[in-house]
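Student: This is a predicted model, with the sequence first.
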Amino acid sequence: MKRMVFALIAVAAVAGVVAYTSPAYGEENEAAPAFVDKIPPGYRDWKLISVAHEEGNLHSFAAVLGNDVAITAYREGTRPFPDGATIAALHYSHAPSDENNKAFGRAQSFVPGTPTNIQFMVKDSKKYAATGGWGFAHFKEGKPGDEALLKTCFPCHNQAKASDLVFTRYAP
């Protein structure tokens, strides 16, 4: 008899926890945010996808790196990218190289200057369904960008639907 009472109490406790943590009828669970708040470990060891030079207000250089899942998808032309693909863009200011220019005899050489930010795209089609399957991240000095900044990522990337929201082409 004591076992039966204990089992009924345990079942009631579990049911209570489930009822407490589940949304009420008609409510929906809050969607996952469209941004990533942690820098993926080991990203500096990823392979090079391409480099980028952006003019205008950004006036920067970037090394665009991909994890193994992203690199395989690029090489095989797989679109949409599979879940687990992660792309990093390491941005640096655009700086003239006095040392190189002396060797060339004129001003023509530019190199990456100080780091400006690191950006990531993480593919998880379920978690980030509301933003085309991609989670976005922006880090400056190791700190994640604020929500207002990150909310600008998807509308811009959504213009690149033909390439699964990715701007960078693979440069083998």
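Tutor: Noted; the coordinates are in hand. Numbers count the residues shown, from 1 in each chain.

Student: Next up, the contacts around residue 114.
Tutor: Neighbouring residues of residue 114 by C-beta atoms under 8 Å, 6 or more residues apart in numbering: 92-93, 95. Backbone N, C-alpha and C define where each C-beta goes, glycine included.

Student: just the buried members of those?
Tutor: Neighbour-count burial (16 or more other C-beta atoms under 10 Å) applied to the contacts of residue 114 gives residue 92.

Student: Restricted to strands, list the contacts of residue 114.
Tutor: Judged by DSSP state E, the subset of the contacts of residue 114 located in strands is 92-93, 95.

Student: element containing residue 111?
Tutor: Per DSSP states H and E: residue 111 is located in strand 110-123.

Student: where does this protein dip in pLDDT?
Tutor: Low-confidence segments of the chain, defined by pLDDT under 70: 1-34.

Student: who's the most centrally placed residue in it bridged to?
Tutor: Nearest to the mean C-alpha position of the chain, by C-alpha atoms, centre = their mean, lies residue 121 at 2.3 Å. Following DSSP bridges, residue 121 is listed with bridge partners residue 87, residue 136.

Student: Report the separation between it and residue 56.
Tutor: For residue 121, the distance to residue 56 equals 21 Å [C-beta to C-beta, to the nearest Å].

Student: so can I have JSON lines of the ones in strands among the contacts of residue 114 showing distance to residue 63?
Tutor: Shown next, in JSON lines, are the ones in strands among the contacts of residue 114 (distance: C-beta to C-beta, whole Å):
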{"residue": "92", "distance to residue 63": "8"}
{"residue": "93", "distance to residue 63": "13"}
{"residue": "95", "distance to residue 63": "15"}
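
Student: in terms of contact, does the residue nearest to the centre of the chain touch residue 132 like I think?
Tutor: No. Contact criterion C-beta atoms under 8 Å: residue 121 and residue 132 do not qualify, at 9.9 Å.

Student: any common contacting residues for those two?
Tutor: 157, 165.

Student: Okay, buried residues for the strand holding residue 111 please.
Tutor: For strand 110-123, burial by neighbour count (16+ other C-beta under 10 Å) applies to 112, 116-123.
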